[in-house]
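Chemist: coords please:
(chains A, B, C and D)
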Number of protein chains: 2
Amino acid sequence: MRLSDSIESFIKTLLAQDEPEVELKRNELAEYFGCAPSQINYVLATRFSPDHGYIIESRRGGGGYIRIVRVVQTGSQRLMYLINERIGDTIGEGEAVRLIQQLLEQQLVTSNEAEIMRAAISAQALSIPIPDQIKNAVRARTLKTMLLTVARQNREQGGANNG
Amino acid sequence: MRLSDSIESFIKTLLAQDEPEVELKRNELAEYFGCAPSQINYVLATRFSPDHGYIIESRRGGGGYIRIVRVVQTGSQRLMYLINERIGDTIGEGEAVRLIQQLLEQQLVTSNEAEIMRAAISAQALSIPIPDQIKNAVRARTLKTMLLTVARQNREQGGANNG
DNA sequence: ACTGATATAGTCAAAGATAGTCAGAAAGCG
DNA sequence: CGCTTTCTGACTATCTTTGACTATATCAGT
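Modeler: Take a look at the predicted model:
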């Protein structure tokens, strides 16, 4: 398994217990995993970004720390943010997958729905010879349109999952 | 026998055993067959495409992999019919909507899932300035990829869907 | 307060590890 | 032959890991 994945799991285990946030020492964690301290920053940047639903707070110097906080937001707030601000006119597959995964974790969609959405914006779905630029524009439109549908379903069904 | 055929057989042997999916390293497989790594991509593209009933997932970088998911047996009638005959390389919104409606009526998808699929192939999702021809090609690919995903879900969830 | 030492964390570019793409060569076939 | 399929290699894209350098905070001595 990748080092990054191990560190990610470790942090998520800490978060899973009860607290919605966890505080740690960058150097201690790096020591524990036997890696460069900057590796921790890499994991935070690629797995605990706002897109992943986390906010990072930190302090340097003596007694310094890194705090990882899981963001809490209502479903419609999240959806509106994604549609109106986060997703612009263009988005890559990786980013889109992250956002969809986040919706799943917040239980705004079922895993089947998330998989269908992933399929819709996948490279396989867009494997026709057009420029990447266009593909990403299609991805953005498609994703936003699907999210609008989810938002409407959410309103009509009071935010509960369907079955 | 052709190299491509050998690689195809090899992968199908792996898939035949018990697991419906297999994960491999492109370079290792190429090494094993003594060929260029890109040969593996050729085999995947020509023998494990969505039209053949497979989903490919992959990751680059350290710890990268290629995962091949078999969704339908070769020759499985209904799904292959939908994927290859009815959808083809291109499909309009109206016809796609009718097809999705049928999936709903046959209870292969929930109404929420059907709505998300409709959103994904809607005119709104594709409201960027590209030729209709391209839009319909994208629709076809997108729909096929989503269909495969649904088929995979039904299989994995003990679904009683059989063509 | 100021200053320098110490203790942290952050940034960024480079190297390493994979996989993807595509044009053209090679091989097979009618 | 001429067309199609297969195969390769060079180039590209993406993901991970590290290390050198930077930035900031605390503390101890003055």
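Chemist: look up phi and psi at residue A:20.
Modeler: Main-chain dihedrals, residue A:20, degrees, to the nearest 10: phi -90, psi 0.
Chemist: just give me the neighbour total for the closest residue to it other than its chain neighbours.
Modeler: Once flanking residues are discounted, residue A:20 sits nearest to residue A:70: 4.9 Å by C-beta to C-beta, 6 or more residues apart in numbering or on different chains. Where C-beta positions appear, they are placed from N, C-alpha and C, glycine not excepted. Counted with other C-beta atoms under 10 Å in any protein chain shown, the burial measure for residue A:70 works out to 17 neighbours.
Chemist: residues in contact with residue A:70?
Modeler: Residue A:70 makes contacts with A:15, A:20, A:21, A:53, A:54, as judged by C-beta atoms under 8 Å, 6 or more residues apart in numbering or on different chains.
Chemist: and the second one, how far is that from chain B?
Modeler: Right, residue A:20. In this structure, residue A:20 and chain B are separated by 28 Å, where distance is defined by C-beta to the nearest C-beta, to the nearest Å.
Chemist: tell me the contacts of that residue?
Modeler: Contacts for residue A:20 were tallied using C-beta under 8 Å, 6+ apart; they are A:69, A:70, A:72.
Chemist: for the residue lying farthest from the centre of chain A, give me the pLDDT.
Modeler: Taking C-alpha atoms, centre = their mean as the measure, the residue most remote from the mean C-alpha position of chain A is residue A:62, 31.4 Å away. At residue A:62 the predicted local distance difference test score is 91.
Chemist: helix/strand/coil for it?
Modeler: Look at residue A:62: counting by DSSP: H, G, I helix; E, B strand; the rest coil, its state is coil.
Chemist: among the contacts of residue A:70, who's most crowded?
Modeler: residue A:53 (20 neighbours).
Chemist: quick one: neighbours of the residue in chain A that DNA strand D sits nearest to, just the number.
Modeler: For chain A, the residue positioned closest to DNA strand D under C-beta to the nearest atom of the strand is residue A:61, at a distance of 2.3 Å. Number of residues near residue A:61 (other C-beta under 10 Å) recorded here: 5.
Chemist: tell me the bridge partners for the residue nearest to residue A:20.
Modeler: Beta-bridge partners of residue A:70, counted by DSSP bridges, are residue A:54.
Chemist: how far away is it from DNA strand C?
Modeler: When C-beta to the nearest atom of the strand, to the nearest Å is the yardstick, residue A:70 and DNA strand C sit 17 Å from each other.
Chemist: so what pLDDT did the most centrally placed residue in chain A get?
Modeler: Nearest to the centroid of the C-alpha atoms of chain A, with distances taken as C-alpha atoms, centre = their mean, sits residue A:52, at 2.4 Å. Residue A:52 is assigned 94 on the pLDDT scale.
Chemist: I'd say it and residue A:102 touch.
Modeler: Yes. With the criterion set as C-beta atoms under 8 Å, residue A:52 and residue A:102 qualify as a contacting pair; they are 6.1 Å apart.
Chemist: quick one on the thing from earlier: same list (the contacts of residue A:70) but as TSV, adding distance to residue B:124.
Modeler: Shown next, in TSV, are those (distance: C-beta to C-beta, whole Å):
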residue	distance to residue B:124
A:15	37
A:20	37
A:21	39
A:53	27
A:54	31
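Chemist: which pair of those residues spans the longest distance?
Modeler: Of all pairs drawn from these, the one with the longest distance (C-beta to C-beta) is A:21 and A:53, at 12.3 Å.
Chemist: tell me the secondary structure at residue A:68.
Modeler: Assigned with three-state DSSP, residue A:68 falls in the strand class.
Chemist: ah, wrong one, I meant residue A:118
Modeler: helix.
Chemist: that one touches residue A:97, doesn't it?
Modeler: Yes. Counting by C-beta under 8 Å, residue A:118 touches residue A:97, with 6.0 Å between them.
Chemist: more neighbours, those two?
Modeler: Neighbours were counted for residue A:118 and for residue A:97 using other C-beta under 10 Å; residue A:118 has more, 20 against 15.
Chemist: contact partners for the more buried one?
Modeler: When contacts are counted by C-beta under 8 Å, 6+ apart, residue A:118 touches A:96, A:97, A:100, B:149.
Chemist: apply 6 Å and report the result again.
Modeler: Contacts here follow C-beta atoms under 6 Å, 6 or more residues apart in numbering or on different chains; on that basis residue A:118 touches A:97, A:100.
Chemist: would you mind listing what in chain A touches chain B?
Modeler: A:2, A:112-113, A:115-116, A:119-120, A:122, A:124-125, A:128, A:137, A:141-142, A:145-146, A:149, A:153, A:162 (C-beta under 6 Å from any C-beta of the partner chain).
Chemist: rerun that using 8 Å as the cut-off
Modeler: Listed as neighbours of chain B in chain A under the rule C-beta under 8 Å from any C-beta of the partner chain: A:1-2, A:5, A:110, A:112-113, A:115-120, A:122, A:124-128, A:130, A:134, A:137-138, A:141-142, A:145-146, A:148-150, A:153, A:162-163.
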